[in-house]
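Asks: Have a look; sequence and predicted model below, questions after that.
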Amino acid sequence: MITIVEADNKKLLKEFVQFPFALYKNHPYWVPPLINDELETFDKTKNPAFATADAHFYLAYRDTKIVGRIAAIINWSEVNDQQKKKVRFGWWDVIDDVEVTKALLEKVYEFGRNNNLEYVEGPMGFSNLDKVGVLTEGFDEIGSMITWYNFPYYKTHLEQLGYVKEKEYLENKFPFSNVKTEFFVKPNELVKRRYQLTALNFTNTKDIMPYVDKMFDLFNSSYADLSSFVAITDVQKEYFKKKYISFINPEYIKFVEDKDQNIVAFSIVMPSFSEALQKAKGKLFPFGFYHLLKAKKESKDVLFYLIGIDPEYQSKGVTAIIFNEYYKVFKAKGIQNCIRTPELEDNHAIHNMWKHFDPVTFRRRRTYKKDLN
């Protein structure tokens with residue numbers, strides 16, 4: 001018999017966070033999150049996402065053993081401002097038993113129907129800066145700290161329960177040796193002169209902070225036309241600023257500004273923390289912090305996390321400036337592989353940006369949708 005229990009206290013939330021550690025124990029490609037970081041994400045007093053969202057967290061038990069988990073989420077900005085009558089599900093992990101998945105999803109449907117919503121979509125988080133998508137290809141590739149890993153049967157469960165594909169995401173990579181400087185070194189100088197643009201580089205995190213609010217404003221404007229985009233609020237800006245910016249190598253954050261000191265483009269790259277997180281096993285202490293710090297300094301793989309360009313400057317070659325600055329940093333650091341985090345399949349502008357580097361798609365993931373009628 002399957003029993004569903006809401007994780008509505010600290011003890012159960014910790015079990016909610018720890019369940020995947022048992023499900024994927026010793027798995028070579030699963031990358032564990034930091035337990036305390038996950039707990040903070042689900043803490044309504046700490047995560048500003050709850051200012052515009054509601055969520056419930058559920059555990060599935062068979063007898064006394066946990067066999068699955070799921071989060072049911074309503075992003076009210078999406079529902080009220082965009083008129084998308086959607087309930088989300090995320091942080092979904094389950095044993096290979098479709099009945100467990102069905103029982104968990106019934107709690108999501110209940111949450112959606114109680115709020116007069118029309119359909120369910122997932123897996124996805126609170127916002128566009130959260131993890132997204134169930135993995136459908138690339139199960140033999142190590143995950144990353146900003147993606148969910150899952151077994152192949154997850155997709156099968158959803159399709160057996162009547163879900164259909166809603167959005168497709170691609171993850172691409174290319175070796176740094178593929179980078180052809182002729183596509184950006186000279187164009188970089190031409191674009192800077194033509195539009196009076198300047199590249200901003202940093203060696204200290206504190207020098208980045210004055211630009212971060214402008215960066216998030218640009219993120220909101222440059223991604224506004226993409227499907228299911230929900231803008232980052234001012235409170236979330238402060239939260240992400242404090243939580244993540246200091247975690248990223250300052251030389252991996254690039255801005256481009258115009259003659260009036262307006263930010264017209266930005267990019268954030270992160271070192272790969274995948275193997276370090278596997279060694280940390282969900283904890284910063286006693287040794288997790290050491291592994292993460294070592295990866296921050298020495299990782300030869302980098303992830304292109306975010307890139308945004310002011311709509312007025314799109315298709316004007318501004319990416320040549322960004323590529324030129326990263327090329328200098330990556331060459332000095334001996335970077336070997338460049339990995340792109342999930343990008344919507346229909347975001348052709350972003351795909352065209354990388355075409356000269358001969359990237360290969362090594363993972364695919366998607367969100368699934370089902371009506372609540």
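Replies: Good, I have the coordinates.
Asks: Show the contacting residues for Ala295.
Replies: Contacts of Ala295 were listed using C-beta atoms under 8 Å, 6 or more residues apart in numbering, and they are Pro271, Ser272, Phe273, Glu275, Ala276. Just so you know, the C-beta spots here come from the backbone N, C-alpha and C atoms, and that holds for glycine as well.
Asks: Surely it is in a strand?
Replies: No. Per DSSP: H, G, I helix; E, B strand; the rest coil, Ala295 lies outside any strand segment and is helix.
Asks: For the longest helix along the chain, which outside residues touch it?
Replies: In the chain, assigned by DSSP state H, the helix with the most residues is helix 205-223. By C-beta under 8 Å, 6+ apart, the surrounding residues in contact with helix 205-223 are 128, 200, 202, 229, 231-232, 237, 240-241, 245-246, 250, 253, 255, 262-266, 306, 308-311, 314.
Asks: for the stretch 201-350 of the chain, what spans make up the strands?
Replies: Counting by DSSP state E, counting those that start in this stretch, residue ranges of the strands within the stretch 201-350 of the chain are 253-257, 263-271, 301-309, 337-344.
Asks: Narrow the contacts of helix 205-223 to just the buried residues.
Replies: 128, 200, 202, 229, 231-232, 237, 240-241, 245, 253, 255, 263-266, 306, 308-310, 314 (16 or more other C-beta atoms under 10 Å).
Asks: mind checking the end-to-end distance for stretch 89-102?
Replies: Distance across stretch 89-102, first residue to last, is 13 Å (C-alpha to C-alpha, to the nearest Å).
Asks: Stretch 132-147 now?
Replies: By C-alpha to C-alpha, the extent of stretch 132-147 from end to end equals 7 Å.
Asks: in that stretch, what counts as buried?
Replies: Buried-residue list, stretch 132-147, by 16+ other C-beta under 10 Å: 132-138, 141-147.
Asks: who's in contact with it?
Replies: By C-beta under 8 Å, 6+ apart, the residues outside stretch 132-147 that reach it are 28-31, 33, 92, 122-125, 131, 148-152, 154-155, 158, 167, 169, 171, 270, 272-275, 277, 303, 305, 339, 341-342, 362-368.
Asks: What segments of the chain are helices?
Replies: Ranges of helices within the chain are 10-23, 35-41, 76, 98-114, 153-160, 185-195, 205-223, 234-244, 274-280, 288-298, 319-333, 348-354, based on DSSP H.
Asks: what pLDDT, on average, does the last one get?
Replies: Right, the one you point to is helix 348-354. Confidence for helix 348-354, expressed as mean pLDDT, is 85.
Asks: now for it, which elements pack on it?
Replies: Applying 3 or more C-beta pairs under 8 Å, 6 or more residues apart in numbering; DSSP states H and E, one finds that helix 348-354 contacts strand 164-175, strand 337-344.
Asks: Just tell me which of those strands ends up closest to Asp225.
Replies: For Asp225, the closest of the helices and strands packed on helix 348-354 is strand 337-344, at 11.1 Å, according to C-beta to C-beta.
Asks: what are the pairing partners of the closest one, and which direction each?
Replies: When pairing is defined by DSSP bridges, strand 337-344 lines up against strand 164-175 (antiparallel), strand 301-309 (parallel).
Asks: So which bits of that strand are buried?
Replies: Buried-residue list, strand 337-344, by 16+ other C-beta under 10 Å: Asn337, Cys338, Ile339, Arg340, Thr341, Pro342, Glu343, Leu344.
Asks: just stretch 219-230 next, same as before
Replies: For stretch 219-230, the neighbour count (16+ other C-beta under 10 Å) marks Phe219, Asn220, Ser222, Tyr223, Ser228, Phe229, Val230 as buried.
Asks: Which one of the residues you listed is nearest to Lys65?
Replies: Ser228 (35.1 Å).
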